[in-house]
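> model this:
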Amino acid sequence: MVTLSVMAVLYGLYYFPHATGGLADRVIRAYLVAQARGVGILIHVFDPLVRVTGTRVSGAFALDIVKDCSSLDVQALFLAAIIGFPASGRAKLLGCGSGILVLNAANLLRMLGLYLAGMRAPEWFDVLHEEVMPLALMLVTCGCFALWASRALLVARTSDERAR
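Prediction:
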């Protein structure tokens, strides 16, 4: 029940139609700008003419980094799953922090892949953008949780055995 409650709150915050210019809107926009800058750095290796202006990445191909590109939805799912899992607070904190880092890195790689596809194989862009990459990001999310959960259970089991 905890997972479902946390998921409802996080998804509610994510999908709520925040007022333009309000605090939530500004925070999300700053996050999107940071992601655009991050992917711009990665893209620069393949396209030295790439430019990032706000949330727009342009060069041999153009990407607009919008809220749906942010991976915040899978991050919310990941956080809810960890918070609802029976593990220590320390394990949950470490899992949330490391998982968010991995998911952000995976999302930057996803955006890099989309840029390269748009640049080199534009006929594949739509299917990659709408079908393949979201599934891949969800699989990374599930994999991160499975790895964390198995480790958390192992640590808990080891601690129980030592306590006996």
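> which residues does the spatially most central residue of the chain contact?
By C-alpha atoms, centre = their mean, the chain has its centre lying nearest to Ser71, at 3.4 Å. For Ser71, the contacting residues are Leu103, Asn104, Ala106, Asn107, Arg110, Leu137, by C-beta atoms under 8 Å, 6 or more residues apart in numbering. Quick note: C-beta positions are derived from backbone N, CA and C, even for glycine.
> would you mind listing where the protein has pLDDT under the threshold?
160-161, 163-164 (pLDDT under 70).
> run through the neighbouring helices and strands of the strand or helix carrying Gly118.
Per DSSP states H and E: Gly118 is located in helix 89-120. When contacts are defined as 3 or more C-beta pairs under 8 Å, 6 or more residues apart in numbering; DSSP states H and E, helix 89-120 packs onto helix 23-44, strand 62-64, helix 72-84, helix 125-127, helix 133-163.
> most packed of the ones you listed?
Among the helices and strands packed on helix 89-120, the stretch with the highest mean neighbour count (mean count of other C-beta atoms under 10 Å) is helix 72-84, at a mean of 20.
> which strands and helices sit next to that one?
Judged by 3+ C-beta pairs under 8 Å, 6+ apart, helix 72-84 is in contact with helix 2-15, helix 89-120, helix 133-163.
> the inter-axis angle of it versus helix 89-120?
Per axes from the mean of the first three to the mean of the last three C-alpha atoms, to 10 degrees, the angle that helix 72-84 makes with helix 89-120 is 160 degrees.
> how far off centre is helix 72-84?
Chain-centre distance of helix 72-84: 10 Å, with C-alpha atoms, centre = their mean, to the nearest Å.
> burial count for Tyr15?
Per other C-beta atoms under 10 Å, the neighbour tally for Tyr15 reads 12.
> much appreciated, bye for now.
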